[in-house]
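Chemist: With the sequence up front, the predicted model follows.
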Amino acid sequence: MKKAINHWAFPGGITLDEACRQAAEAGFDGIELNVAAEGLLTPYSDEQQVKQVLETVTKYGLVVPSVSTGMLWQTPLTSPDPHVVSRGMEVVRGQLRAAAWLGADTVLVVPGGVDAKAPYDQAYERALAALRQLAPEAERYKVSIGVENVWNKFLLSPLEMRGFIDAVGSPYVGAYFDIGNVLVNGFPEQWIRILGSRVRKVHLKDFKTSVGNIHGFCNLLEGDVDWPEVKKALQDVGYDGYVVAELGPYRHYPEQTIRDAAAAIDRWLASGG
């Protein structure tokens, strides 16, 4: 497995050039970039803009394994408003285009969630319909859509996530599995074995179950993830792709965030189990 880090791990004011320099010096193989409403990559960035971003990344010997976004929290595919769903699908299309130009093979998609205005059964059908429409476009770009497990009251078990992915019915739709997000009510090693070959990418986070809320997220190797079992599960299902650290920067000396994450991942990957 190779290691990458999400661009969100760097402070907001830092340039991509400096972020890539720090990532490369820490020993990362890649950097996961993010599509946002404004900034380096948007859903409407053209090929020239994206290729300029890629030039900065490759200057430091890095690759872009995947493209993430936070925009789908505002434009969920589970919304009862078809206009909101349409905007969300445009975000995913923008991710797919950018990923293809960047040489990435996966985009992270949060499909939406369940709330008072989006009952579970209706949310399921809306997200499923949207991904079925997007799947042929993912296949055209040769870029997989990775559905992420997040705290959205939706797709709450590995069995349901597996069934949802299979119901889409495309080899270009799989799971973007977040290890730390599962700890609040499950075991990541079980999810990995159940999802199996459907796992397209892996986000690395750690979590303290004794805290049990958003404040429970912590540095890698510091929480309750059973890292040896997670590694064994990934090996058992034949996963050999990128593992991507998704962390926020430290308040002080944020460059240490990158070094600490790289060292933790190296220790984990070098372990016998």
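Modeler: Perfect, thanks for sending it.
Chemist: What is the burial count for the closest residue to Val225 other than its chain neighbours?
Modeler: Closest residue to Val225 apart from its sequence neighbours, by CB to CB, 6 or more residues apart in numbering: Asp206 at 5.1 Å. For the C-beta atoms, the positions are set from N, CA and C on the backbone; glycine is no exception. For Asp206, the number of neighbouring residues by other CB atoms under 10 Å comes to 20.
Chemist: now do the one 3 residues further on
Modeler: When neighbours are defined as other CB under 10 Å, Thr209 has 12 of them.
Chemist: For the residue lying closest to it once chain neighbours are set aside, give me its contacts.
Modeler: Distance criterion CB to CB, 6+ apart; nearest residue to Thr209, sequence neighbours excluded, is Asp224 at 4.8 Å. Taking CB atoms under 8 Å, 6 or more residues apart in numbering, we find Asp224 in contact with 183, 206-210.
Chemist: pLDDT at Ile5, what is it?
Modeler: pLDDT, Ile5: 98.
Chemist: Report the secondary structure state of it.
Modeler: Look at Ile5: counting by DSSP: H, G, I helix; E, B strand; the rest coil, its state is strand.
Chemist: Ala23 versus that one, what's the distance?
Modeler: Distance of Ile5 to Ala23, given as CB to CB, to the nearest Å: 6 Å.
Chemist: Then Gly196?
Modeler: Gly196 sits 30 Å away from Ala23 when distances are taken as CB to CB.
Chemist: higher neighbour count, the two?
Modeler: Neighbour count, other CB under 10 Å: between Gly196 and Ala23, Ala23 has more, with 27 against 16.
Chemist: and that one, what helix or strand is that in?
Modeler: helix 16-26 (DSSP states H and E).
Chemist: could you say what helices and strands that helix packs with?
Modeler: Helix 16-26 is packed against strand 30-35, helix 47-59, helix 255-270, with contacts defined by 3 or more CB pairs under 8 Å, 6 or more residues apart in numbering; DSSP states H and E.
Chemist: Do you know the pLDDT at Leu16?
Modeler: Looking at Leu16, the pLDDT reads 98.
Chemist: tally of neighbours for it?
Modeler: Leu16 has 19 nearby residues by other CB under 10 Å.
Chemist: Check Val230 too.
Modeler: Neighbours around Val230, by other CB under 10 Å: 22.
Chemist: thought Val109 was touching Val143?
Modeler: No. Taking contacts as CB atoms under 8 Å, Val109 lies outside contact range of Val143: 11.1 Å.
Chemist: Nearest residue to Asn152 in space, please, no chain neighbours.
Modeler: In space, Asn152 is closest to Gly113, 3.2 Å off (CB to CB, 6+ apart).
Chemist: so what's the one you found up against?
Modeler: Residues near Gly113 by CB under 8 Å, 6+ apart: 76, 78, 123, 150, 152-154.
Chemist: Quickly name whichever of these is closest to Gly88.
Modeler: Pro76 (6.0 Å; CB to CB).
Chemist: Checking that closest one next. Helix, strand or coil?
Modeler: Under three-state DSSP, Pro76 comes out as coil.
Chemist: Any idea how many residues pack against Ile214?
Modeler: Using other CB under 10 Å, Ile214 is surrounded by 9 other residues.
Chemist: go on, Asp266?
Modeler: 13.
Chemist: would you list every one of the helices in the stretch 101-250 of the chain?
Modeler: For the stretch 101-250 of the chain, applying DSSP state H, counting those that start in this stretch gives helices covering 120-141, 158-168, 179-182, 188-195, 227-236.
Chemist: With Arg87 as the reference, name the closest of those.
Modeler: helix 120-141 (11.2 Å).
Chemist: Any of the contacts of Gly113 buried? List them.
Modeler: 76, 78, 123, 150, 152, 154 (16 or more other CB atoms under 10 Å).
Chemist: Could you check what's spatially nearest to the first one, not counting adjacent residues?
Modeler: In other words, Pro76. That would be Gly112: by CB to CB, 6+ apart, it lies 3.2 Å from Pro76.
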